[in-house]
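> build me a model from this:
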Amino acid sequence: MRKIKTYLFSLVIISLVSCKTKTVWDVRDYGAVGNKTTLNTKAIQQAIDDCNKAGGGTVLVTDGTYLSGTILLKDNVNFKVAEGATLLASTNPNDFPPVEPFIDATGQYRGQCFIGAIDVENTIISGKGTINGQGEMFTPKNIKATVKKLGITLAKPDLTGLVSKTNKYVSSTIRTSNRPFLVRMVRSKNVKLIDIHLRQPAAWTLHFLECNNFEVNGIDIHSHANKNNDAIDIDSSTNGVIRNTTIDSGDDAICFKSTSPKPTTNIEVYDCKLKSNWGAIKFGTESMGDFKNITVRDCYVHDTTGGGIKILSADGANIDNILIENIKMENVEMPIFIRLCERRLVYRNADRKPVGSINNVTIRNIEAKVTNKEDLRVKAATGFFFSGTPNHNLGHISIENIKINLPGGGTKEDAKVVVPENIEEYPEFTKLGATPAYGLFARHIKNLDMTNVSFSLRNKDEREEVIKINVN
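Modelled structure (predicted):
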């Protein structure tokens, strides 16, 4: 009898173990090899697909450097690249099929990506490992060399329905760049990126397009391998949080976009450290849909050549209820630039929108030290530059508790400068040139409130401190 009981007990234990739900799908179990050279796209994708079919869990990339082409995430999958592991992009441009392609403001065909997610829910990219796009291998010269080496023909994109009817792109020629984004989330809900290291994309690093309820927490981005290498682009997306993130990018660090008529709303950014060669915190320039209810706070901006904070409505966006507060900037060119213009580009073959608006912008508790004069792209620095157009004023802007330290050096000739309107051109302060004021130059504004705003100079400046034109 004792033997029978022992046997039955053993059967129960075996049954319980065999019924245990699987929670981790290791890509090595699917044949993935972390030797930097084996192409693992199919193996990794199969692990993701099986995890999804089983109801969800963790797909694990660990112990090695895994080469791959485009990987598409699925519902309820935590794609985890473990500490010490690297997911490395293939250098073959044909390994990256388009994911929801579009034509951007410059006239470039976009859509290829390394990691993609389309219409998914509850997806996470996590782990303390690295996702590396090898962006330096996707320059025109290196793509040409790769094509020759592999003996392949580049896949030609289908542009049907993508080219705008108005076709007012920066370049009149539609160009294919074959430069995949690193991570691209499209029309997805409840998505997160946690702790991951994102490195060297061939184009944008992390793109949220028409997503709802997303979170970025504790990630680290380095993006200097190619052109147009934005770090994070929030594009026609809603209900998002970006926090505790470190960025060093060649282009915009955190950029709110709308490459569709749909809005970007209800976003909070805080506790981030940002460095950029173009703009640290930027709204636009691709700006068809509205930007509303957005807060950026408690961030450190440093060594940024293209502007600390830029709020730009160029293509019809109505920008409203924006709060920027508790920001420290060091070695930054043009701390704050706000510009409404009448460019009115069109994306995704949508109808052209009327001129937009910028209203109810509050900027407070800002301390900034502007870059030294010899390192400026505009010969004489200005702390704040706000401008609407003669026919379209900015709305209500409030700035309070501001301290800006500037290099000075403006001449009597600079004091006589007449700043061009450039109402339909790319809305960038470098295209408008120097202003006749070193502290604040403002024009075409319905209501500008200034409280406890101070400007200090490291050297003499012949320009006025503040100039307001058509400002109430």
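> so who does Ile363 touch?
Counting by C-beta atoms under 8 Å, 6 or more residues apart in numbering, Ile363 makes contact with 309, 324-325, 336, 397-400, 402. All C-beta atoms are positioned from the backbone trio N, CA, C, and that covers glycine.
> look up phi and psi at Asp375.
Asp375 adopts backbone torsions of phi -100, psi 0, taken as degrees, to the nearest 10.
> residues contacting it?
Each residue near Asp375 by C-beta under 8 Å, 6+ apart is listed here: 305, 333.
> Thr37 now?
Contacts of Thr37 (C-beta under 8 Å, 6+ apart): Leu67.
> can you check Leu323 too?
Counting by C-beta under 8 Å, 6+ apart, Leu323 touches 294-297, 362.
> of those residues, closest to Ile319?
For these, the minimum distance to Ile319 (C-beta to C-beta) is 8.6 Å, reached by Ile294.
> so that closest one makes contact with Ile322?
Yes: Ile294 is within contact range of Ile322, at 5.3 Å (criterion: C-beta atoms under 8 Å).
> hey, what's in contact with both of these two?
Residues touching both Ile294 and Ile322 (C-beta under 8 Å, 6+ apart): Phe283.
> circling back to that earlier point, filter the contacts of Leu323 down to the ones in strands?
Residues of the contacts of Leu323 located in strands (DSSP state E): 294-297, 362.
> where in the stretch 151-300 of the chain is pLDDT low?
Residues of the stretch 151-300 of the chain meeting the criterion pLDDT under 70: 165-172.
> state the helix or strand in which Asp50 lies.
Taking DSSP states H and E as the definition, one finds Asp50 inside helix 41-53.
> that older thread, just the contacts of Ile363: which are in strands?
309, 324-325, 336, 397-400, 402.
> and the residues you listed, which of them are buried?
Burial by neighbour count, 16 or more other C-beta atoms under 10 Å: within those this picks out 309, 324-325, 336, 397, 399, 402.
> circling back: any buried residues in the helix holding Asp50, and which?
So helix 41-53, judged by 16+ other C-beta under 10 Å, has buried residues 41, 43-52.
> and if you look at stretch 206-224?
Going by 16+ other C-beta under 10 Å, stretch 206-224 has these buried residues: 206-214, 216-217, 219-223.
> contacting residues around the residue nearest to Asp195 when sequence neighbours are not counted?
Spatial nearest neighbour of Asp195, chain neighbours left out: Gly218 (4.7 Å); criterion: C-beta to C-beta, 6 or more residues apart in numbering. Neighbouring residues of Gly218 by C-beta under 8 Å, 6+ apart: 194-195, 243-245.
> with respect to Glu136, which of the contacts of Leu323 is nearest?
Val296 (30.7 Å).
> close enough to count as contact, the closest one and Tyr270?
Yes: with contact defined as C-beta under 8 Å, Val296 counts as touching Tyr270 (7.3 Å).
> the two: who's more crowded?
Set side by side, Val296 and Tyr270 show more neighbours around Val296, with 25 against 16, by other C-beta atoms under 10 Å.
> separation between the closest residue to that one other than its chain neighbours and Ala89?
Nearest non-adjacent residue to Val296, counting by C-beta to C-beta, 6+ apart: Val269, 4.5 Å away. Applying C-beta to C-beta, to the nearest Å, the value for Val269 to Ala89 is 27 Å.
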